[in-house]
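Asks: Sequence first, predicted coordinates after that:
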There are 2 protein chains.
Amino acid sequence: MGDSSSPDASGDRRPGRIGIGLALDSVHFKILDILRAQGRISVAALAQRVGISRANAYTRFEALRADGVISGFSARIDHARVGLEICALIFVTVRQELWQQFRNALARMPEVEYCAVTTGQHDAMIQIRVPDVAAVHRLVTDQLSTIPAVRATETVIILDEALRRPYVLPSGPDFTETTPATPPGSTGASQFGMTRFIRAAEGRAELRSSTVEDD
Amino acid sequence: MGDSSSPDASGDRRPGRIGIGLALDSVHFKILDILRAQGRISVAALAQRVGISRANAYTRFEALRADGVISGFSARIDHARVGLEICALIFVTVRQELWQQFRNALARMPEVEYCAVTTGQHDAMIQIRVPDVAAVHRLVTDQLSTIPAVRATETVIILDEALRRPYVLPSGPDFTETTPATPPGSTGASQFGMTRFIRAAEGRAELRSSTVEDD
DNA sequence: GTTGAAATTAGTACGAA
DNA sequence: TTCGTACTAATTTCAAC
């Protein structure tokens, strides 16, 4: 609240209102990016890395949590180290009148890591993690195919996970620069909510360093 | 080290050796499960919830991190709240001799959240997050299809994410019970590494409560 | 939105069981 | 190994600027 009239003339941190939640500025995005990579960093260290005061960092941190932008924190667990060596995708054709049954059944299967409802040839894609390939077959035949909501399945084994970057953030200049290097209208800045092009090289070059997954 | 001869007769916490790393027992799994749901919990609170001493919790926590079982911590970010409303899957047919080029190109695309090399009809599946559907089309035509390594693509829009449970842990009795309720050989316990069946109801009933994503 | 205090809590290093 | 305690260092909270 407070950025109603002219969002372009507000100076340095142009907040981009998204949906109905709080307006996020470049500092918020910097915080999110750090917290995405190092979820257990102290707020004090966070403040220092972002370049704001402790109190400010606490306020923003709390606001992000309260507003649901940050829904929580997770340890990243190495699946292989924990006995889940095999990952597979199962494409499912669902009887349209039994969707809720299908969802309920999935919720009861701990091997299911992800389920997306999709357009296209199939209705849903689920991703599972199991100890060995035999378990994939067992899961499909003994569990999935016995659900009445499931009409057909198609299984694909994942041979390698080339990229794993959970909780990506928007690309574009808004999201790494905090210093007043970019005057509002001069460069190819893209306000969130607007559909403006950014030259690919620009937005990406500065993003790269902050996308690494450490800690 | 110390559990070489008879892992069944060791009593309560039967460690299951996985790969070459440290042997994980049920306490480790309980720690992992809590840390998966509440990545920012203090070690003191963790110790209390697991039912071990603070010192022990520190030791195990450090061991899990040092051994790479826990590779880090992440904030869970609500994509919609951050302006990334659209999620899509793109199935890619890759020129087999140009795989490395393909990987390198993906690494430079911040919209790509995940890429898996798969068996089946296509060679890879990538998942992207962008602000709107137009951006999906732009990404496929302007970026992906201009990579020489990409022979063909097939795009599917995700209408709903029915389940999102990153970093799942193995199912089975080993992974929630800490109390000596289960004598080693009597029930359908499944040692990790062995391929033994567990009756579905057993392993899952007790798992359900600890799979919820809070904080 | 920032700085600088106090109060609380976290992390470490011992011995003892 | 694991536990319990004491010690040190850090973080969070709360005040005033």
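Replies: That came in fine, so what should we check first?
Asks: what comes into contact with the helix or strand hosting residue A:113?
Replies: Element membership of residue A:113 [criterion: DSSP states H and E] is strand A:112-118. Residues outside strand A:112-118 that contact it (C-beta atoms under 8 Å, 6 or more residues apart in numbering or on different chains) are A:87, A:103, A:106, A:123-129, B:87, B:89, B:156-168. All C-beta atoms are positioned from the backbone trio N, CA, C, and that covers glycine.
Asks: Put the alpha carbons of it into CSV.
Replies: Only the C-alpha atoms of strand A:112-118 are listed here, as CSV (Å, rounded to 0.1, in the frame of the first residue of the first chain):
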residue,chain,number,x,y,z
VAL,A,112,5.2,-40.0,-4.9
GLU,A,113,7.3,-36.9,-4.9
TYR,A,114,5.3,-34.8,-7.4
CYS,A,115,2.1,-34.9,-9.3
ALA,A,116,1.1,-32.4,-12.0
VAL,A,117,-2.2,-32.2,-13.9
THR,A,118,-1.3,-31.6,-17.5
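Asks: who does that strand pair up with?
Replies: Applying DSSP bridges, strand A:112-118 is found paired with strand A:124-130 (antiparallel), strand B:150-164 (antiparallel).
Asks: Buried deepest among those strands, which one?
Replies: Of those, the one with the most neighbours on average (mean count of other C-beta atoms under 10 Å in any protein chain shown) is strand A:124-130, at a mean of 24.
Asks: For the following helix or strand past that strand, which residues meet the burial criterion?
Replies: Per DSSP H and E, strand A:124-130 leads on to helix A:133-138 as the next helix or strand towards the C-terminus. Across helix A:133-138, burial judged by 16 or more other C-beta atoms under 10 Å in any protein chain shown covers A:135-136, A:138.
Asks: before we move on, what about stretch A:45-63?
Replies: The neighbour-count check on stretch A:45-63 (16+ other C-beta under 10 Å) flags A:46-47, A:50, A:52, A:57, A:60-61, A:63 as buried.
Asks: Let me have those residues in TSV, extended by secondary structure and distance to DNA strand D.
Replies: As requested, those are exported to TSV (DSSP: H, G, I helix; E, B strand; the rest coil; distance: C-beta to the nearest atom of the strand, whole Å):
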residue	secondary structure	distance to DNA strand D
A:46	helix	8
A:47	helix	8
A:50	helix	13
A:52	coil	13
A:57	helix	8
A:60	helix	12
A:61	helix	9
A:63	helix	13
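Asks: so which of those would you say is closest to DNA strand C?
Replies: residue A:52 (4.2 Å; C-beta to the nearest atom of the strand).
Asks: what's the closest non-adjacent residue to the closest one?
Replies: residue A:27 (6.5 Å; C-beta to C-beta, 6 or more residues apart in numbering or on different chains).
Asks: Which strands or helices does the helix or strand that neighbour falls within pack on?
Replies: Assigned by DSSP H and E, residue A:27 falls within helix A:26-37. Judged by 3 or more C-beta pairs under 8 Å, 6 or more residues apart in numbering or on different chains; DSSP states H and E, the packing partners of helix A:26-37 are helix A:43-50, helix A:54-66, strand A:70-77, strand B:70-77.
Asks: Figure out which of these is closest to DNA strand C.
Replies: helix A:54-66 (3.2 Å).
Asks: for chain A, which spans come out with low pLDDT?
Replies: A:1-20, A:172-215 (pLDDT under 70).
Asks: quick one, what contacts the residue nearest the centre of chain A?
Replies: Computing the C-alpha centroid of chain A and ranking residues by C-alpha atoms, centre = their mean puts residue A:167 first, at 2.3 Å. Contacts for residue A:167 (C-beta under 8 Å, 6+ apart) come out as A:36, B:74-77, B:79.
Asks: can you check residue A:125 too?
Replies: Contacts of residue A:125 (C-beta under 8 Å, 6+ apart): A:89-92, A:115-116, A:118, B:89.
Asks: about what we covered before: TSV please, covering the strands paired with strand A:112-118 and showing distance to residue A:23.
Replies: TSV is the format used below for the strands paired with strand A:112-118 (distance: least, C-beta to C-beta, whole Å):
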stretch	distance to residue A:23
strand A:124-130	34
strand B:150-164	25
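Asks: And those: which comes nearest DNA strand C?
Replies: strand B:150-164 (27.7 Å).
Asks: relative to strand B:70-77, how tilted is that closest one?
Replies: 80 degrees (axes from the mean of the first three to the mean of the last three C-alpha atoms, to 10 degrees).
Asks: how about strand B:150-164 as PDB, C-alpha atoms only?
Replies: Backbone C-alpha positions of strand B:150-164 (Å, rounded to 0.1, in the frame of the first residue of the first chain) are rendered in PDB as follows:
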ATOM      1  CA  VAL B 150      17.500 -29.700 -29.900                       C
ATOM      2  CA  ARG B 151      15.900 -31.700 -32.700                       C
ATOM      3  CA  ALA B 152      12.300 -31.500 -31.600                       C
ATOM      4  CA  THR B 153      10.100 -30.400 -28.700                       C
ATOM      5  CA  GLU B 154       6.700 -31.100 -27.300                       C
ATOM      6  CA  THR B 155       5.200 -28.800 -24.800                       C
ATOM      7  CA  VAL B 156       2.600 -29.500 -22.200                       C
ATOM      8  CA  ILE B 157       1.100 -27.000 -19.800                       C
ATOM      9  CA  ILE B 158       0.600 -27.800 -16.100                       C
ATOM     10  CA  LEU B 159      -2.900 -27.000 -15.100                       C
ATOM     11  CA  ASP B 160      -2.500 -27.900 -11.400                       C
ATOM     12  CA  GLU B 161       0.200 -29.300  -9.100                       C
ATOM     13  CA  ALA B 162      -1.700 -31.800  -7.200                       C
ATOM     14  CA  LEU B 163       1.200 -32.900  -5.000                       C
ATOM     15  CA  ARG B 164       4.500 -31.300  -4.300                       C
END
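Asks: Give me the residues contacting it.
Replies: By C-beta under 8 Å, 6+ apart, strand B:150-164 touches A:103, A:106-107, A:112-120, A:124, A:126, B:86-95, B:102, B:122, B:133, B:136, B:140, B:144-145.
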